[in-house]
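Asker: build the 3D model from these lines:
(2 chains)
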Amino acid sequence: MIPVKELVELLVKALVDRPEEVEVSEVEGERSVVLEVRVAPEDVGKVIGKQGRIVQALRTVVKAAAAREGKKAVVEILQ
Amino acid sequence: MRAALEELGVGADEAEVEVLQEPRRGFLGLGGREAWVRVTRRRRPERFAVEFVDQLVARMGVHGRVRAEERDGRLWVEVEGDDLGVLIGHRGRTLDALEYLINVAVGRECGGRQRVVLDVAGYRDRRAEAVRRMALRAAERVRRTGRPATLEPMTARERKLVHLALQGDPQLVTRSEGEEPFRKIVITRK
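Answerer: Model prediction:
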């Protein structure tokens, strides 16, 4: 099994000022996996990026990893 | 300063040191003062990038060897191994997304403006060659028939290769049309 949650954690922690406040929860369905990302309030912008560029790249990578197991991945940044 | 580095567990090559107060020896043990330094951890980009990509590759569920070398002022991080397609994706979109995130992470962790290029199993050079060949073939067709040619959708980096390959051509012009991620190059006669 591909550690999609660990993948999201690794990426998000590398983007923020307060990695210790990063929390990722994973809700796994039959055909999909939803990853909810919580970061410190001042780090939300760092995970989203200008015009959503960072979160878009994050989604591309996570979707690619999940697709290998035939799953769709949804990444949500909670704010 | 050595004490500060030891306390932080940072190698001298990874530290940015700022002296806040010069030490003074004093006279007969009086009036001396200690040095104050501020030590900021700035990891070396190649070391951080290799470690980070190594973990990324593992968490994408594949096995690869990661190494880095400086080329034309950029840090090329290369992953070698079998069955690494998941890192590349359709027309290299996963590779470009990974590369973008690595650049953001390296910028944060190491400071400075070191650009990182991520390559997997020689994909960058192979793709560049294929794009150039496609461009030259289409250009030849436009010269022969006089009709415009539209290439397949390409990333910004690939479109740049096409523009560069044909910019010296006296008869042809290239331009991009459409919206990302379907932006394409159109080659026409001048």
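Asker: any idea how far the closest residue to residue B:181 other than its chain neighbours is from chain A?
Answerer: Distances taken as CB to CB, 6 or more residues apart in numbering or on different chains place residue B:153 nearest to residue B:181, at 6.5 Å, with adjacent residues excluded. Every C-beta, even on glycine, is put in place using the N, C-alpha and C of the backbone. The gap separating residue B:153 from chain A is 15 Å, by CB to the nearest CB, to the nearest Å.
Asker: residue B:30 too?
Answerer: Taking CB to the nearest CB, one finds residue B:30 at 44 Å from chain A.
Asker: repeat that for residue B:145.
Answerer: 37 Å.
Asker: and for residue B:102?
Answerer: In terms of CB to the nearest CB, residue B:102 sits 9 Å off from chain A.
Asker: and residue B:3, by the same measure?
Answerer: According to CB to the nearest CB, residue B:3 and chain A sit 26 Å apart.
Asker: which SSE is that residue in?
Answerer: helix B:2-8 (DSSP states H and E).
Asker: what about that helix, average pLDDT?
Answerer: Helix B:2-8 shows an average pLDDT of 73 in the prediction.
Asker: any idea how far it is from the chain center?
Answerer: 32 Å (CA atoms, centre = their mean, to the nearest Å).
Asker: now stretch B:84-101
Answerer: 12 Å.
Asker: now swap in stretch B:183-190 and tell me
Answerer: Relative to its parent chain, stretch B:183-190 has a centroid offset of 28 Å by CA atoms, centre = their mean.
Asker: what of stretch B:108-120?
Answerer: Worked out by CA atoms, centre = their mean, stretch B:108-120 lies 5 Å from the chain centre.
Asker: same question, stretch B:171-185
Answerer: 24 Å.
Asker: could I get the buried residue list for that stretch?
Answerer: B:172, B:174, B:176, B:185 (16 or more other CB atoms under 10 Å in any protein chain shown).
Asker: do stretch B:52-66 as well
Answerer: B:52-62, B:64, B:66.
Asker: from residue A:23, how far off is residue A:36?
Answerer: Residue A:36 is 8 Å from residue A:23, where distance means CB to CB, to the nearest Å.
Asker: show me where chain B has helices.
Answerer: B:2-8, B:45-59, B:85-88, B:93-110, B:123-145, B:156-166 (DSSP state H).
Asker: revised request: answer the last question for chain A.
Answerer: A:4-13, A:44-48, A:53-67.
Asker: export those helices as a markdown table, with columns for distance to residue B:42.
Answerer: Shown next, in a markdown table, are those (distance: least, CB to CB, whole Å):
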| stretch | distance to residue B:42 |
| --- | --- |
| helix A:4-13 | 18 |
| helix A:44-48 | 19 |
| helix A:53-67 | 22 |
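Asker: now distance to residue B:6 and mean pLDDT too, for those, in JSON lines please.
Answerer: As requested, these are exported to JSON lines (distance: least, CB to CB, whole Å; pLDDT from 0 to 100):
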{"stretch": "helix A:4-13", "distance to residue B:6": "26", "mean pLDDT": "96"}
{"stretch": "helix A:44-48", "distance to residue B:6": "31", "mean pLDDT": "96"}
{"stretch": "helix A:53-67", "distance to residue B:6": "35", "mean pLDDT": "96"}
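Asker: who's in contact with residue B:144?
Answerer: Counting by CB atoms under 8 Å, 6 or more residues apart in numbering or on different chains, residue B:144 touches no other residue.
Asker: beta partners for residue B:118?
Answerer: residue B:77 (DSSP bridges).
Asker: look at residue 3 and say how many residues are nearby.
Answerer: Defaulting to chain A. Per other CB atoms under 10 Å in any protein chain shown, the neighbour tally for residue A:3 reads 15.
Asker: my question was about chain B, not that one.
Answerer: 11.
Asker: what sits closest to residue 64 if chain neighbours are left out?
Answerer: Reading this off chain A. residue B:94 (4.3 Å).
Asker: chain B, not that one
Answerer: Residue B:64's closest residue in space is residue B:81 (CB to CB, 6+ apart), at 3.6 Å.
Asker: kindly report the same for residue B:65.
Answerer: residue B:80 (4.9 Å).
Asker: how near is the nearest residue to residue B:76 once chain neighbours are set aside to residue A:47?
Answerer: Nearest residue to residue B:76 in three dimensions, chain neighbours excluded: residue B:117, at 4.9 Å (CB to CB, 6+ apart). Separation of residue B:117 from residue A:47 (CB to CB): 23 Å.
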